[in-house]
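**Student:** Structure for this input, please:
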Amino acid sequence: MRYATTAAAVLLVVCSCAFVSRTPRLVPRLEQDGLPVANSPARVHMLDGSVVVYSSGLSVGHGAILGRGVRYDLLRQNSMPVTTIPLESVVGVESYDKHTNVGPGIALAPVGVAGAYGCAVGTVLLLKAIFGSCPTVYAFDGSDYALEAEAFSYSIARFVEDRDLDRLDLGRPVDGEYRLMVTNEALETHYINSLSLTTVDHAIDCEALPTDDGRVLLFGQPGTLARATSRDGHDVSRLLAARDSGWYETDTAQVRRLSDSVGRDWVDIAVPVPANARTACLAFKFRNTLLNTVLLYDATLRQLGLGALDWMAEGATDVFSGLRLRNWYMKRFGLHILAPSGKGFREVARIRDTGPICWHEVAVELRVQDRDTLRLRLDFLPGNLAVDWVGVSFEDVGTPKNRTVYCDRVEDGDGTPLPEACGMLRANDGRYFITGPSDCYYLSFRPAPVPAGKRRTWFVRTGGYYIEWLRPDWLATEPAARFEPKDASVMRAAVLWLNKKTEMERQFFETRLPVRRAR
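**Tutor:** A predicted model of the protein is given here:
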């Protein structure tokens, strides 16, 4: 089971959303009239704000969703049985876990975009919506809320629920109160298990950075990036030397080669090592491109059609296929940090993908060999990452002391207090704070004053998972047998990415769903 769960986690790389396990069945059944049938429990969200619950699965055919369902109205007060609903009236379909959602009051909590806005959002926006990959977190900067983080970016199902730690750079306390705004701006359902602040007070001349495993490292005086050379031989040191508006991203020619065979891109860096240095703090500012989104939406979910419900819910329960998927994931994705070894390189660290919405800063501590220059190779899938900054510090600035601050007030988007939410967000205890599209919540914290002579760095620590809504046109696709963790999937995504890159980058943020904000 440990291997199966680990294998399930690798699904997070190929998508920003997924579904929950029930029983092992990898492909849709073909039943009456040859129509594909999904066996996972599902909720169908309608354009009028109503929800149809199919507790025993559903099928799709003849332009409609078929099965024994119960339809709840906009206010979730009345219900009626249904057997057929036209696809043209559907916003999206999501899988759900019967064990997580107990009772219709919880199971149907997300009212949906149409319920929130009637027809104001517009059918065109809903059908084109591609923005998303998790809850978005905004910090109050004294005048408004600024986008800071995307929480648990690849926790795509309950059985791969995880925790994230993201640095907050723009927020500041006002009258002793630190405020966050947490939103759902995508066609997703978010299950937030915990959310708190972490504060680190440290010397003014260093900074604090999160690690990939949820710790904090202090980054002291930076060393000089003597060399940074891309795989094609270009000097990219100016792009990586500072956190600014210039970053390194694989050129189109390499991504085009990726459509023929899966290779690697890399940047070789060299940094002079001070005498007596024993460790190095290696820091990055980076984010994912939308290549992962294309891989999820176009090369996986659209290809699987209705079969995506069962694949995402149940496909990781087989140990052998899960191990194969894990090996493929570990090899292909993330940021691999390599060090010279003999005639080649060996991996000394790896940082997982972070998502396409926000720039993410992260650090890793490495041992330094007895040499005058630290040489490393930063290795990644072509076109998958944009890297804005690479920093190295050899200064020993000590170990930080972290403090946790829990929220003492939660309000919804209309400003209504939700006193029970504070307890739900306090710990990873299985009590989920559930949000739907266009939801917005304000969280307030009362941290202790900053000690004299110290600098404070703020972090948001989150735990949970989320589930993507399948679009109607995905369900109408003739289902493929199953998704295979093979390079052919990456190659197919690369072709699609090249064809739609410019338009998709523009459309991604334009299809962010508006939220109900009280202020």
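
**Student:** mean confidence for the helix or strand containing Val294?
**Tutor:** Val294 belongs to helix 291-296 when elements are defined using DSSP states H and E. The predicted model assigns helix 291-296 a mean pLDDT of 84.

**Student:** That helix - contacts with which helices or strands?
**Tutor:** In terms of contact count using 3 or more Cβ pairs under 8 Å, 6 or more residues apart in numbering; DSSP states H and E, helix 291-296 is assigned the packing partners helix 487-510. In short, each C-beta sits where N, CA and C put it, glycine included.

**Student:** where does the helix it packs on sit relative to the chain's centre, distance-wise?
**Tutor:** The chain centroid and the centroid of helix 487-510 are separated by 17 Å, computed with Cα atoms, centre = their mean, to the nearest Å.

**Student:** Contacts for that helix next, please.
**Tutor:** The set of residues external to helix 487-510 that reach it, using Cβ atoms under 8 Å, 6 or more residues apart in numbering, is 14, 128, 130-131, 252, 255-256, 258-262, 290-291, 293-295, 298-300, 332, 356, 381-383, 483.

**Student:** and what of stretch 231-251?
**Tutor:** Here stretch 231-251 has contacts from 225-230, 254, 264-267, 269, 285-286, 289, 382-390, using Cβ under 8 Å, 6+ apart.

**Student:** just stretch 395-409 next, same as before
**Tutor:** With Cβ under 8 Å, 6+ apart as the contact definition, stretch 395-409 has outside contacts at 178, 180, 195-203, 206, 208, 216-221, 279, 417, 421-422, 425-426, 442-448, 461.

**Student:** cutoff 7 Å now
**Tutor:** By Cβ atoms under 7 Å, 6 or more residues apart in numbering, the residues outside stretch 395-409 that reach it are 196-200, 202-203, 206, 208, 216, 218, 220-221, 417, 422, 425-426, 443-447.

**Student:** Equivalent analysis for stretch 327-342, please.
**Tutor:** Under the contact criterion Cβ under 7 Å, 6+ apart, stretch 327-342 has outside partners 10, 13, 282, 284, 286, 345-353, 364, 375-381, 384-385, 485, 490.

**Student:** From the residues you listed, list the buried ones, please.
**Tutor:** In the contacts of stretch 327-342, burial by neighbour count holds for 10, 13, 282, 284, 286, 345, 348-349, 351-353, 364, 375-381, 384-385, 485, 490, counting by 16 or more other Cβ atoms under 10 Å.

**Student:** Can you list which of the residues you listed are found in strands?
**Tutor:** Residues from these lying in strands, with DSSP state E as the criterion: 282, 284, 286, 345, 348-349, 351, 364, 375-380, 385.

**Student:** Give me the below-cutoff pLDDT ranges for this structure.
**Tutor:** 1-34, 99-128, 159, 312, 314-323, 325-326, 480-483 (pLDDT under 70).

**Student:** now the helices for it?
**Tutor:** For the chain, applying DSSP state H gives helices covering 2-9, 104-107, 113-117, 123-128, 237-240, 252-258, 291-296, 302-304, 307-314, 319-332, 419-424, 472-475, 487-510.

**Student:** Hmm, Glu361 is touching Ala208, no?
**Tutor:** No: counting by Cβ atoms under 7 Å, Glu361 sits too far from Ala208 to count as a contact (9.9 Å).

**Student:** ok, Cys422 - how many residues close by?
**Tutor:** For Cys422, the number of neighbouring residues by other Cβ atoms under 10 Å comes to 17.

**Student:** how close does it sit to His190?
**Tutor:** Counting by Cβ to Cβ, to the nearest Å, the separation of Cys422 from His190 is 17 Å.
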